[in-house]
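J.: got a structure for you, letters missing:
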Ligand code: 13P
Ligand code: SF4
């Protein structure tokens, strides 16, 4: 039996479900029960019926799944898979920041620790941040964190009163606007797709700005047959699956011509580690109940608003 066959057998035997983010390695996306962006994975984790949930993503995704499904055994194939964006905001500093802005509503991106979520009023993902900010009463004062690029983008499109945390994702910040422009000149028929975690200069040269799921949806519905993609290249796996015959070019990074905007944290998970996670039931995500319950409130608010808005 090969690894994939062993994983499928163990999954059945243990009543397990495998979730994988679009930035996971192709072979992991291939064996997963569900693939999706951060919002979809949280929605599935909240609802799916199983004893074991294996989250192929990074630590904050495992925590989010555990917060929403406390009775399930939630496993991460590699529990050292962090996130530079989540690391850019710790709870002690956020608490001090909140004290500087009394009366502000705290909106945090899902790419945060459980401790930060516990200090948050509403969690958002890149798929629903705009709609959730717009659903706030006019005049609401908002603290938005930790991604400054997403925050500034949302502030720009909504015109809302927002103070923005100064954090960023090192992967999305790497894309080069000049390199994308050059590539576009060579491929004038290509549409430029960019994730809102990218710098302003990259968003300015993009034809479409959206979450991973929104960019994927656009690539399917657009009449264009060529795309320059400024987000983690793991998404190309599903774009190619859903759009046979279309061409996807990974956007270049500041480092040079190579498409090296790969999230090394996301790629820490391998098929071997996924197999071991199921076989040895490791690495289990655990959270103190008080923290879990506090962090659940702003995530549930996000899920409720998203359901109402059919997101
Ligand atoms: P989405 O899954 O919301 O598109 O976010 C991208 C990301 O960087 C996940 O870590
Ligand atoms: Fe974090 Fe960026 Fe990697 Fe997403 S792509 S997990 S935001 S470091």
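T.: All right, it came through fine. Treat the numbers as computed from the prediction; the structure is a model and nothing was measured. Ligands and ions are numbered 1, 2, ... in the order given.

J.: just the strands in the stretch 201-311 of the chain please.
T.: Under the criterion DSSP state E, counting those that start in this stretch, the stretch 201-311 of the chain contains strands at 208-209, 226-230, 247-250.

J.: does the last one come close to ligand 2?
T.: No. No part of strand 247-250 sits near ligand 2 under the criterion Cβ under 6 Å from any ligand atom; the closest distance found is 13.7 Å. Bear in mind the C-beta positions are built from the backbone N, C-alpha and C, glycine included.

J.: any idea how far ligand 1 is from the nearest residue to residue 309 once chain neighbours are set aside?
T.: In space, residue 309 comes closest to residue 131 once its chain neighbours are excluded; the distance is 5.3 Å by Cβ to Cβ, 6 or more residues apart in numbering. Distance of residue 131 to ligand 1, computed by Cβ to the nearest ligand atom, to the nearest Å: 13 Å.

J.: which parts of the helix or strand where residue 131 lies are buried?
T.: Per DSSP states H and E, residue 131 falls inside helix 129-134. Neighbour counts over helix 129-134 (16 or more other Cβ atoms under 10 Å) mark 129, 130, 131, 132, 133 as buried.

J.: ditto for stretch 191-198
T.: Buried, per 16+ other Cβ under 10 Å, within stretch 191-198: 191, 192, 193, 194, 195, 196, 197, 198.

J.: now for those residues: which two are most distant?
T.: Spatially, the most separated pair among these is 191 and 197, at 18.8 Å (Cβ to Cβ).

J.: counting neighbours, what do you get for the closest residue to residue 144 other than its chain neighbours?
T.: Nearest residue to residue 144, sequence neighbours excluded (Cβ to Cβ, 6+ apart): residue 151, at 4.2 Å. Applying other Cβ atoms under 10 Å, we find 26 residues neighbouring residue 151.

J.: does residue 151 really touch residue 143, like I thought?
T.: No. Applying Cβ atoms under 8 Å, one finds residue 151 not in contact with residue 143, separated by 9.4 Å.

J.: any residues in contact with both of those two?
T.: 162, 165 (Cβ atoms under 8 Å, 6 or more residues apart in numbering).

J.: off-centre distance for stretch 233-248?
T.: Relative to its chain's centre, stretch 233-248 lies at 18 Å (Cα atoms, centre = their mean, to the nearest Å).

J.: that stretch: which residues count as buried?
T.: For stretch 233-248, a neighbour-count test (16+ other Cβ under 10 Å) marks 233, 234, 235, 236, 237, 238, 239, 243, 248 as buried.

J.: can I get the residues you listed in JSON lines including pLDDT?
T.: Below are those laid out as JSON lines (pLDDT from 0 to 100):
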{"residue": "233", "pLDDT": "95"}
{"residue": "234", "pLDDT": "97"}
{"residue": "235", "pLDDT": "97"}
{"residue": "236", "pLDDT": "97"}
{"residue": "237", "pLDDT": "97"}
{"residue": "238", "pLDDT": "98"}
{"residue": "239", "pLDDT": "98"}
{"residue": "243", "pLDDT": "98"}
{"residue": "248", "pLDDT": "97"}
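
J.: what does the stretch 201-311 of the chain put close to ligand 2?
T.: When proximity is defined as Cβ under 6 Å from any ligand atom, the stretch 201-311 of the chain approaches ligand 2 at 232, 263, 265, 266.

J.: how close does residue 308 get to ligand 1?
T.: When Cβ to the nearest ligand atom is the yardstick, residue 308 and ligand 1 sit 19 Å from each other.

J.: what about that residue, neighbour count?
T.: 10.

J.: against residue 301, how distant is it?
T.: Using Cβ to Cβ, to the nearest Å, residue 308 is found at 11 Å from residue 301.

J.: cool, and residue 113?
T.: Taking Cβ to Cβ, one finds residue 113 at 18 Å from residue 301.

J.: which residue, other than its chain neighbours, is closest to residue 48?
T.: Of all residues not flanking residue 48 in the chain, residue 17 sits nearest, at 5.2 Å (Cβ to Cβ, 6+ apart).

J.: give me phi/psi at that neighbour?
T.: Main-chain torsions, residue 17, degrees, to the nearest 10: phi -120, psi 140.
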